[in-house]
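>>> show me the folded form of this:
(chains A, B, C and D)
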4 protein chains.
Amino acid sequence: MSKITVGIIGAGRIGQLHADNILRSDLLEVKYLADVSINHLKGTHYEDNIPVITEDPENIFRDPTIQAVFICSSTDTHAEFIKKAARAGKHIFCEKPVSFNVEETKEALEVVKISNVRLQVGFNRRFDKHFKKVREVVMEGKVGQPQLIKVSSRDPQAPPEEYVMRSGGMFMDMTIHDFDMVRYLSGSEVLDVTVKAANLVDPMFGRHGDVDTAIITLTFENGAIAVIDNSRQAVYGYDQRIEVFGDKGTVAAENEAQTNVQISTKDCVYLDNPKHFFLDRYKEAYIIEIEEFAKAISEGKEVVCTGEDGYRAELLALAASISWKEKRSVLMAELLTVEV
Amino acid sequence: MSKITVGIIGAGRIGQLHADNILRSDLLEVKYLADVSINHLKGTHYEDNIPVITEDPENIFRDPTIQAVFICSSTDTHAEFIKKAARAGKHIFCEKPVSFNVEETKEALEVVKISNVRLQVGFNRRFDKHFKKVREVVMEGKVGQPQLIKVSSRDPQAPPEEYVMRSGGMFMDMTIHDFDMVRYLSGSEVLDVTVKAANLVDPMFGRHGDVDTAIITLTFENGAIAVIDNSRQAVYGYDQRIEVFGDKGTVAAENEAQTNVQISTKDCVYLDNPKHFFLDRYKEAYIIEIEEFAKAISEGKEVVCTGEDGYRAELLALAASISWKEKRSVLMAELLTVEV
Amino acid sequence: MSKITVGIIGAGRIGQLHADNILRSDLLEVKYLADVSINHLKGTHYEDNIPVITEDPENIFRDPTIQAVFICSSTDTHAEFIKKAARAGKHIFCEKPVSFNVEETKEALEVVKISNVRLQVGFNRRFDKHFKKVREVVMEGKVGQPQLIKVSSRDPQAPPEEYVMRSGGMFMDMTIHDFDMVRYLSGSEVLDVTVKAANLVDPMFGRHGDVDTAIITLTFENGAIAVIDNSRQAVYGYDQRIEVFGDKGTVAAENEAQTNVQISTKDCVYLDNPKHFFLDRYKEAYIIEIEEFAKAISEGKEVVCTGEDGYRAELLALAASISWKEKRSVLMAELLTVEV
Amino acid sequence: MSKITVGIIGAGRIGQLHADNILRSDLLEVKYLADVSINHLKGTHYEDNIPVITEDPENIFRDPTIQAVFICSSTDTHAEFIKKAARAGKHIFCEKPVSFNVEETKEALEVVKISNVRLQVGFNRRFDKHFKKVREVVMEGKVGQPQLIKVSSRDPQAPPEEYVMRSGGMFMDMTIHDFDMVRYLSGSEVLDVTVKAANLVDPMFGRHGDVDTAIITLTFENGAIAVIDNSRQAVYGYDQRIEVFGDKGTVAAENEAQTNVQISTKDCVYLDNPKHFFLDRYKEAYIIEIEEFAKAISEGKEVVCTGEDGYRAELLALAASISWKEKRSVLMAELLTVEV
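Residues are numbered from 1 along each chain as shown, chains lettered A, B, ... in the order given. Here you go, the predicted structure:
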């Protein structure tokens, strides 16, 4: 089987992560790495291993040998690149969120649809082996009909101020993964979203009109109720836990610890902390994510996280923002009526 | 030290539990066991070990040698018995809730206050060694300022219909323990209550205007946000977990399993289920609860769960009912203005 | 059902423990508490609750209303009291070991046999719910034919020197419980015993010709191999774990922690230590132990730990001593040939 | 930094594993893959990615651009290849055991020494993050002076008969990893070895004069006592646990489960089994192992597992065989006197 040929747009942290995983992959091959500025790539192993490093992404769209584009640039450029890639007939892997604006996302998805290319959105957690197993257990009916879904999702440390300013807010930047997760776990769509949020970690968030701590409750078409708890700063490490409770039982995935070592002394029993952050915790998931993308293209089957999954998660983030600002439950029907 | 002399009103399941614990206690001595009907006590060990078994609780109030009354009768009789006991100068241990009506509770508490007796409300979970330790860790500041508080509280099986009819509803009957727990853990008072609830376990609950599944979010004066998840039926056993997350870390208490035995086979690794229900899980807590009551009386100090704790938990149950019925957040200030 | 009437000989720590449990029991009733000196019992609750406190155990043997004798005196007196009790027709509960001398034990057991009374030896760990469950799992064949049996048994702190001097040595005093446990778990008899032991905890043990650290390997008639590890001092608490590995799987019981509370901070995740020592860990087991004794008498059935179990554990302790001193494996057949 | 250039001898399971890891490595580069027969490599990705695939390993020794040789061929060829590689001035990574004969091993090590090349033996478990952390904790003195060391090491399934015939026996083939581990953890050398072993898993082992189940006790120069338990068949998965107990506490590493998912139902609580076998469990360790080898060469420092470590583990395997056959403890001094 020949490798899927890829161009990557965006060579920041996540773009480099994908580039490295593709370089080690048997299923994908990277031919272009594009960024608005390529100075930081000088002298790196990317120069040795990637044929073209460029500041012009059009090179990728123009190259007929390229089968897929990875969009890892800043969020405000995603929609435009999606449309260009789709029109050029390239399959697309796009980091989350698709855009900060659901209308813009919708437009981009329509171009994707017309162009008949695949679009996979970067919800890497769907490929985490623990979460995937929870999903399987739920789908096999082992815990019966889902009634309560719980997601704890806490970052180990607050991002820098400049990041926060461009992040789209906590719901769009961070909770969006959890919105996707509750949809993935429930196998159902959300009816309403209710947020209680606060600015407890750092006043900086408040200065930018953002929150850093939240409890988000969602009710689903199938009757289940989900709750997400978020914090921008869990000092003990990356806290990523889920539970699905149904009429036949409950299934939960605990955190991954750095090691399984336990030290018992006179004072205490010590365990290792959870893995530090997403690069550690989801290291394997990021690899499986792109392999599944490659397989979907090769085998002509649907991707695991579609553009619609991205769109729906954004709608939930939007609903959460409204709920928080207007201090009320927001029906998803309100948004769908108005905006789609 | 001589034992605290006690009369018990109500010889149902919980009354018998307290009677048995008192019979084994070095700190309390039971002289009366009263019930509206005493037929079911004939031939039991209570006849051999308790001096007076009676259908008239007035015997207890009249006896000047009785120091304390345990009120374990049906909830609709609590307030009246509290007032009588207080006026007779007896200290009072009253099962939760104090009453189904916050006004009635308030009145009873006023009589208690005037009478200068102690009133302890039966929030047994405060005496659970795991939960007590979590509270201590929080109060010592080991996890810093509380930001998120989580309580999972799920019964193993739905109560019978006749119980549901007289229960005051899930929030007043079951969640009331969790309302007390979040106050106990946060060391702060609730500002507002928001409920998402459903009838998923058994349509019987719905027929009585009740719910069986809920996510309840509460915000606190100190900024913390709490979330309680409830189900009337966790088929795997009694699920009782708490977590307090703060700016310096998080502290959690897991379920108590029936045993620590682990069986590993070709198919799976098996652990024992959580303890079945409250009589198993809180067996020790019920003993410590009454010993602490006895010590408070002997040493003239305040009880661990006061009448006010009972009252505030009832107010939260009331707020939850309103939130659920009116599908909105309820500010505690609304209730306090109107009703106290 | 009327209670089994009991006289207790020996009012030290373990005698008082049994006395307290009997005072709270619905199945047993203590009428005598005897000790070589009763000064330390003056003013205690035993004076209020036990009819006769005496320095003459003959009072117990003489009283025809006494059904059973608890022998909790120093080990060198056990055999003599067993014989007296048996000849007086009393059932016997005797603390471990039956004696320091297997010949003496054998003689005592013969008198018990002739007298047709029950003798239960105080192997309390058989009544621990975790260990009992492991035994049940093994007996039900869930892990198949036992191949490896592992016991970790470590005390939290070394006993005082005067205790060590009279203890009969670590194998007879401490490991004897583990010898019983491996027989209980395997359902088979030992063929040979091999010891590697050392004096690492405190030179005091060495001065008295004793060890404080050991690995003891035993092979069984059914082919299984067992290994016990012992230390007189596990600074983190009482370490009591077992595992039985067979051809269909493995079953293990972990330690009991003081609480299930987990604290996660920047530095570490902290758990509570195991329970401190046997009085905490086996609190429930001590209660079940005497209730099972009472039931065996009432129902005329065999006790769970017989005199023979006591004898065989002592033989294993003796074999261990020889193995350690002579630095070789000791066949149980050697001892049985020579001494029984 | 330029990559270390490598030739691999032996393209069976372990040779292919190293080849794949080197192909993805930033520190090593594979130029030759040699095997006695290369038919099975036809049409594989090795053909595309490795410059020379050959049946003649002399090609590797002759090539002056090759810096290091990986010896992954059958054990009986190891010593000869080590000597050739050393004489050709190549650094050596050799799979365990170095040979089946300690004299042969010794000779090979002498050639290595004279040739002034590095030799790393493939004790991959030293690079497991859990075991490495245990070693660090011990070396930092956090559990004090080691007194008891425990290793559980059980394979998930018995190897095929033809493998068993050429394996050198369980002690040399399987326990050799555990012998290295107890040396690594204790930081001390073994004084004596005592084996209790049996043929319980499959009579096939017995037919070849081998065992499949064992308890091996070792005493160390520093006073510690270690115990290894082995089985060729743990039906629940690869069981790899260690513990080091000292005067200040104990440190243990538990198994790695396939996932952290827990399913609770009416019947039971289910966890995932341990990882299936060494390729899963030690996947990361195998990568770190070769990276550490590369760094040792680049930086001119000693490797983590030296030829002497290989030699000493083989001596322990030999001592174990003698102990088992002669049913006695074997002093290491006996072997060292006779053979080195």
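
>>> quick one, helices of the stretch 201-340 of chain A?
Per DSSP state H, counting those that start in this stretch, the stretch 201-340 of chain A carries helices over the ranges A:203-207, A:278-281, A:283-299, A:307-326, A:332-339.

>>> again with the stretch 51-200 of chain A
Using DSSP H, counting those that start in this stretch, helices in the stretch 51-200 of chain A cover A:58-62, A:75-87, A:102-115, A:129-139, A:161-165, A:170, A:176-186.

>>> hey, C-alpha coordinates of the fifth one in PDB?
This points to helix A:161-165. Output of helix A:161-165 as PDB, limited to C-alpha atoms (Å, rounded to 0.1, in the frame of the first residue of the first chain):
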ATOM      1  CA  GLU A 161      -2.200  35.600  28.300                       C
ATOM      2  CA  GLU A 162      -1.500  36.000  24.600                       C
ATOM      3  CA  TYR A 163      -2.900  32.600  24.000                       C
ATOM      4  CA  VAL A 164      -6.000  33.300  26.000                       C
ATOM      5  CA  MET A 165      -6.700  36.400  24.000                       C
END
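
>>> and chain B, is the helix or strand following that helix touching that?
Of the helices and strands lying after helix A:161-165 in sequence (DSSP states H and E), the nearest is helix A:170. No: counting by C-beta under 8 Å from any C-beta of the partner chain, no contacts exist between helix A:170 and chain B, the nearest distance being 13.7 Å. Any C-beta I mention is one placed from the backbone N, CA and C, and that applies to glycine too.

>>> deepest of the helices of the stretch 51-200 of chain A, which one?
helix A:170 (a mean of 27; mean count of other C-beta atoms under 10 Å in any protein chain shown).

>>> what's it in contact with?
A:197, A:205, A:210-212, A:214, A:230, A:232 (C-beta atoms under 8 Å, 6 or more residues apart in numbering or on different chains).

>>> next one: stretch A:251-259
For stretch A:251-259, the external contacting residues (C-beta under 8 Å, 6+ apart) are A:130-131, A:133-134, A:137-138, A:142-143, A:237-244, A:271-276, A:280-281, C:269, D:129-130, D:133, D:253, D:259-264.

>>> and stretch A:147-166, how far apart are its ends?
Taking C-alpha to C-alpha, to the nearest Å, the first and last residues of stretch A:147-166 lie 36 Å apart.

>>> so is it next to chain C?
No: applying C-beta under 8 Å from any C-beta, one finds stretch A:147-166 separated from chain C by no less than 9.4 Å.

>>> which of the contacts of helix A:170 fall within strands?
Secondary structure from DSSP state E places A:197, A:214, A:230 of the contacts of helix A:170 in strands.

>>> now do the contacts for the nearest residue to the last one once chain neighbours are set aside.
Taking C-beta to C-beta, 6 or more residues apart in numbering or on different chains, and ignoring the residues beside it in sequence, residue A:230 has residue A:214 as its nearest neighbour in space, at 4.6 Å. Contacts were defined as C-beta under 8 Å, 6+ apart; by that measure residue A:214 touches A:170-171, A:175, A:195-198, A:228-230, A:320, A:324, B:225.

>>> which of these tops the neighbour count?
residue A:171 (31 neighbours; other C-beta atoms under 10 Å in any protein chain shown).

>>> please list the residues of chain A that sit near chain B.
Going by C-beta under 8 Å from any C-beta, the residues of chain A near chain B are A:145, A:147-148, A:150, A:152, A:154, A:194, A:196-198, A:200-201, A:213-215, A:217, A:219, A:223, A:225-227, A:229, A:231, A:233-236, A:239, A:245, A:247-250, A:327-329.

>>> could you rerun that using 7 Å?
A:147-148, A:150, A:194, A:196, A:198, A:200, A:213, A:215, A:217, A:219, A:223, A:225, A:227, A:229, A:231, A:234-236, A:245, A:248-250, A:327, A:329 (C-beta under 7 Å from any C-beta of the partner chain).

>>> what ranges of the stretch 201-340 of chain A fall below the confidence cut-off?
Within the stretch 201-340 of chain A, the stretches with pLDDT under 70 are A:336-340.

>>> what residues does it put near chain D?
Counting by C-beta under 7 Å from any C-beta, the stretch 201-340 of chain A sits next to chain D at A:248-254, A:256, A:259-266.

>>> the same query, at a cut-off of 8 Å, please.
So far as C-beta under 8 Å from any C-beta goes, the stretch 201-340 of chain A lies against chain D at A:248-256, A:258-266, A:272.

>>> any idea how far residue A:121 is from residue B:256?
Distance of residue A:121 to residue B:256, computed by C-beta to C-beta, to the nearest Å: 42 Å.

>>> those two: which is more packed in?
residue A:121 (29 against 18).

>>> run through the residues that contact the closest residue to residue A:245 other than its chain neighbours.
Nearest residue to residue A:245, sequence neighbours excluded (C-beta to C-beta, 6+ apart): residue A:148, at 4.1 Å. By C-beta under 8 Å, 6+ apart, the contact set of residue A:148 is A:224-227, A:243-245, B:213, B:215, B:229, B:231.

>>> which ones are touching whichever residue of the stretch 101-250 of chain A sits closest to chain D?
Proximity of the stretch 101-250 of chain A to chain D (C-beta to the nearest C-beta) peaks at residue A:249, 3.8 Å away. By C-beta under 8 Å, 6+ apart, the residues touching residue A:249 are A:142-144, B:235-236, D:263-266.

>>> sort out which one of those lies nearest residue A:96 for me.
residue A:143 (27.5 Å; C-beta to C-beta).

>>> I'd guessed the closest one sits against residue A:224; true?
No: Residue A:143 is beyond contact range of residue A:224, at 11.3 Å (criterion: C-beta atoms under 8 Å).

>>> what is the neighbour count of the closest residue to residue A:165 other than its chain neighbours?
Among residues not flanking residue A:165 along the chain, residue A:208 sits closest, at 5.7 Å (C-beta to C-beta, 6+ apart). Residues near residue A:208, counting by other C-beta under 10 Å, number 13.

>>> tell me the contacts of residue A:208?
Going by C-beta under 8 Å, 6+ apart, residue A:208 touches A:161, A:164-165.

>>> can these go into CSV with extra columns for pLDDT and distance to residue D:84?
Shown next, in CSV, are the contacts of residue A:208 (pLDDT from 0 to 100; distance: C-beta to C-beta, whole Å):
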residue, pLDDT, distance to residue D:84
A:161, 97, 62
A:164, 96, 61
A:165, 95, 63
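
>>> which one, of the helices of the stretch 51-200 of chain A, ends up nearest to residue A:315?
helix A:102-115 (5.7 Å).

>>> elements contacting the closest one?
helix A:75-87, helix A:307-326, helix A:332-339 (3 or more C-beta pairs under 8 Å, 6 or more residues apart in numbering or on different chains; DSSP states H and E).

>>> pretty sure residue A:14 sits in a strand.
No: read with DSSP: H, G, I helix; E, B strand; the rest coil, residue A:14 is helix and lies in no strand.
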